[in-house]
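Asker: here is the input, now give the coordinates:
(chains A and B)
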Number of protein chains: 2
Amino acid sequence: MAAIRGKLASRALAAGDRLHSVRRFAEIMGVSPSTVVEAYGRLEAAGVIRARRGSGFYVAGPETPPMALSEATPASERAVDPFWVSRQALDADEDALKPGCGWMPTASMPNAAIRKALRNVSRSDGAVLSDYGSTRGSARLRRLLLGRFAEEGLMLSPDQLMLTGSGTDAIDLLCRLLLRPGDTVLIDDPCYFNFQALLRAHQVTIAGIAYTPTGPDIAAFEEAVSRLQPRLYITNSALHNPTGATISPQTDIRLLRAAGAAGLTIIEDEIFAEFEPAPSPRLAVLDGLEQVIRIGSFSKTLSASIRCGYIAARPEWIEALVDLQVATRFGGPSPLATEILAEVLAGGTYRKHIEALRNRLTRTRRDVAEQLASIGIVPWITPRGGFYLWCRLPEGKDSTIIAKRCMTEKIILAPGNVFSATQSAAAFMRFNVTQMAEARILPALRRAME
Amino acid sequence: MAAIRGKLASRALAAGDRLHSVRRFAEIMGVSPSTVVEAYGRLEAAGVIRARRGSGFYVAGPETPPMALSEATPASERAVDPFWVSRQALDADEDALKPGCGWMPTASMPNAAIRKALRNVSRSDGAVLSDYGSTRGSARLRRLLLGRFAEEGLMLSPDQLMLTGSGTDAIDLLCRLLLRPGDTVLIDDPCYFNFQALLRAHQVTIAGIAYTPTGPDIAAFEEAVSRLQPRLYITNSALHNPTGATISPQTDIRLLRAAGAAGLTIIEDEIFAEFEPAPSPRLAVLDGLEQVIRIGSFSKTLSASIRCGYIAARPEWIEALVDLQVATRFGGPSPLATEILAEVLAGGTYRKHIEALRNRLTRTRRDVAEQLASIGIVPWITPRGGFYLWCRLPEGKDSTIIAKRCMTEKIILAPGNVFSATQSAAAFMRFNVTQMAEARILPALRRAME
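Answerer: Okay, here's the model as predicted:
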């Protein structure tokens, strides 16, 4: 590789020139032909040379496309809509700070266990490495989940569970099965912004129900159910996004009663459940999966790179969802991905990692709440787990304006109204406490508010 | 682990009993506490014991769900519709034979390169292991694709390319962007059965255009375009599924002319392109991505487990598709998956693997064609690449009946009508020549025909 690059630097080789054959170059360099194959392959992959089938290797021409990729629309020019935080945070430069994003820094993830799992999986049989998976996804991972659910008191038969490409995929498949354009769907206000983006893609009407520290405002929920005849209600169990609140058992019961009477289906997204200090009562458990559908993923606690979600629901719904998943994804999640997840979950160190993380998060939430209080930003409640603080800004401050200002300093925030279907959360902002360690964040926030 | 299992076998421990604490059991066994943590973790993952948070480990009770998972609907009871082959083949028992499936045996895949890539990736930084990816997916893999396209003469700017969760995902996203319920879509007749399943999920009207050995019947295509005003035409370039035919340059030009005049968009799925002995003219290249959209994946040649697809299209479409992908999947494909793919593609041995595979497939197609001819089954054409033979059965034989009969012997076939929107291919069957090595396939076929 160095020899070729040297010739290019010295102009002994130029665009369009043909390289020596593999055999000839191996003789010249005194190396094996397989070494040359490897070197040519790597130079080709780097765009330095090009192979023409049956004709050998040539120096790549000036037609080679630019190597630097920039994303099309500079994120800062976009409107502050439900896509704002997602696209800002996902496509952020490496040096951007992301107190507005929805995940922890990679240092908080169980990377040692993932590395070990990768090494183990590299020795597994070929089917895991290169075959399609079954339509419901890895039996091993499904067994682990069924065991976890049983521990909570949710006894499922295997035909009530399927794996999906991600937690978002799970909700998307459910929307395809259950919704038709024009249907009404209830969501929390505020709620995870991507619920809104996803529902808009399904062309349904969204109605926001005010969220209280003990769950959705149950009187407003009951009124909306009878007035709007919604088809679906989507919510987070355990730790609500963005508020960090936990629904009370009393609200659970009234929700289920109202939904039952009206034939309303509830999707309970338990993506943050593992962060709870002790499991709270879940709609899916109380209901036994009659009208509640449980979905979740491993993105927050294990890895967002190894994508996989799940759906637990009535068998006849699962059967229809499997067909939909075949039609729209050709099968379940990557066998390689699910094998890595199962290895980590079964590996013995994962639970310890989560316990330690929970304790660390308790301290971090407290520390960040104190820092924010020092500049007049106050948490709406004190969450019992997780990494979010949903905070009220000082009187008269607009979180959208502040987020736009901080964006110019490469600090990505999550202003309240991206979470609010009724646009009533301008005075709020969601902070991810695990992304607040950099000293320049607080002064930038203070300046933006001033 | 053996000690605990021993106690269970001897009934010294029973369901609900509490186990020793980690520290105490480590003392008893004379091992380190971390060994016990690992052992308890593995027993828990296997469903043998359960942890209760803050309270220790207990022997799992009889409430543990059954460990054997059976898929809900026995596949053989299903109607022979476009899902038939997918679900049969994806959920097949290990001992089933699959001449009807759409992939090669794992032994034909570059597993050594994948194993090496896994080991390399296990040493990569944490972001690849546990972070979300960018909205368009791995920049490294996109650069490799841009280089490959440039080699073909298709010069794209980076904002014309995005990665997706799979090839099917790519088409699904495009259907969401371009179609509304009730629109008309042209497909080839026969065509890849999952195009039909996918389009049905989008509630559009399907019109099949007869496929000839040189591409779609161009007169029928022109007539359908003017009569039906379709919004979209979906086809395979390079090697057509199921026929293995290659579209002629003359048909390419007339297709593009008819589509251009009518404002019709064409999705060109190039999933089998790498199997061509030399690249054929592609619609995307001739058109320069004005009205043609190129999609593809790595599932057929590299791995179907490591899922990733791509879309090359007009920049404004890509921009809208990125939003849709965020809303419905929260981002692009797994960074871990795309890093593994990039490692394999850049590794230097991949190209050699493909060359060898192409030569092997040429021999296998010829051998299997001879075997099939011996029982009166004759290829419609001789494909120039790939692993499919689209064959005509002896006079009067119905491939659906034969496929159902062979299913009782655990041989999964692909009867012609699952590929045919007009149900006009009962006399045809698609054979995957790489899945025909087992001696019992041919006699079973002959018996079923008798």
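
Asker: show me where the stretch 101-250 of chain A has helices.
Answerer: Counting by DSSP state H, counting those that start in this stretch, the stretch 101-250 of chain A has helices at residues A:111-121, A:126-130, A:139-152, A:167-178, A:193-201, A:218-228, A:249-262.

Asker: out of these, deepest packed?
Answerer: Among the helices of the stretch 101-250 of chain A, the stretch with the highest mean neighbour count (mean count of other CB atoms under 10 Å in any protein chain shown) is helix A:167-178, at a mean of 24. Every C-beta, even on glycine, is put in place using the N, C-alpha and C of the backbone.

Asker: for the helices of the stretch 101-250 of chain A, give me TSV that also has mean pLDDT.
Answerer: Compiled in TSV, the helices of the stretch 101-250 of chain A are given as follows (pLDDT from 0 to 100):
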stretch	mean pLDDT
helix A:111-121	96
helix A:126-130	93
helix A:139-152	93
helix A:167-178	96
helix A:193-201	94
helix A:218-228	97
helix A:249-262	96
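
Asker: which of the three states applies to residue A:395?
Answerer: coil (DSSP: H, G, I helix; E, B strand; the rest coil).

Asker: meant to ask about residue A:390
Answerer: strand.

Asker: equivalent analysis for residue A:446, please.
Answerer: Relying on three-state DSSP, one would call residue A:446 helix.

Asker: nearest residue to it in space, please, no chain neighbours.
Answerer: Leaving aside its sequence neighbours, residue A:446 sits nearest to residue A:375 (CB to CB, 6 or more residues apart in numbering or on different chains; 4.8 Å).

Asker: does the one you found sit in a helix, a strand or a coil?
Answerer: Look at residue A:375: counting by three-state DSSP, its state is coil.

Asker: hmm, residue A:442 and it touching each other?
Answerer: Yes. Using CB atoms under 8 Å, residue A:375 is in contact with residue A:442, at 6.4 Å.

Asker: could you report the separation of the residue nearest to residue A:446 from chain B?
Answerer: Here residue A:375 is placed at a distance of 29 Å from chain B (CB to the nearest CB, to the nearest Å).

Asker: burial count for the residue in the stretch 301-450 of chain A positioned nearest to chain B?
Answerer: Closest contact between the stretch 301-450 of chain A and chain B, by CB to the nearest CB, is at residue A:348 (2.5 Å). Per other CB atoms under 10 Å in any protein chain shown, the neighbour tally for residue A:348 reads 21.

Asker: which SSE is the residue nearest to residue A:198 when sequence neighbours are not counted in?
Answerer: Nearest residue to residue A:198, sequence neighbours excluded (CB to CB, 6+ apart): residue B:327, at 4.9 Å. According to DSSP states H and E, residue B:327 maps onto helix B:315-329.

Asker: got the contact list for that helix?
Answerer: With contact meaning CB atoms under 8 Å, 6 or more residues apart in numbering or on different chains, helix B:315-329 is reached by A:72-73, A:83, A:86-87, A:90, A:165-166, A:168-169, A:172, A:194, A:197-198, A:200-201, B:135-136, B:157, B:159-162, B:164-165, B:169, B:173-174, B:176-177, B:293, B:311, B:313, B:331-332.

Asker: do me a favour and average the pLDDT over whatever helix or strand comes next after it.
Answerer: Next helix or strand after helix B:315-329 toward the C-terminus (DSSP H and E): helix B:335-346. On average, the pLDDT along helix B:335-346 is 96.

Asker: and the top strand by length along chain A, what does it pack onto?
Answerer: Counting residues, the longest strand found in chain A (DSSP state E) is strand A:205-212. Where contact means 3 or more CB pairs under 8 Å, 6 or more residues apart in numbering or on different chains; DSSP states H and E, strand A:205-212 is packed against strand A:184-189, helix A:193-201, helix A:218-228.

Asker: what does the shortest one rub up against?
Answerer: The reference is to strand A:184-189. With contact meaning CB under 8 Å, 6+ apart, strand A:184-189 is reached by A:179, A:195-196, A:199, A:204-211, A:216, A:221, A:224-225, A:228-236, A:240, A:264, A:419-422, A:424-425.

Asker: higher neighbour count, residue A:375 and residue A:442?
Answerer: Using other CB under 10 Å as the criterion, residue A:375 and residue A:442 rank with residue A:442 on top: 17 against 14.

Asker: do you know how far the more buried one is from residue A:367?
Answerer: To residue A:367, residue A:442 is 12 Å away according to CB to CB, to the nearest Å.

Asker: output the helices of the stretch 101-250 of chain A in JSON lines, with distance to residue A:279 appended to each entry.
Answerer: JSON lines is the format used below for the helices of the stretch 101-250 of chain A (distance: least, CB to CB, whole Å):
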{"stretch": "helix A:111-121", "distance to residue A:279": "23"}
{"stretch": "helix A:126-130", "distance to residue A:279": "32"}
{"stretch": "helix A:139-152", "distance to residue A:279": "6"}
{"stretch": "helix A:167-178", "distance to residue A:279": "18"}
{"stretch": "helix A:193-201", "distance to residue A:279": "23"}
{"stretch": "helix A:218-228", "distance to residue A:279": "22"}
{"stretch": "helix A:249-262", "distance to residue A:279": "12"}
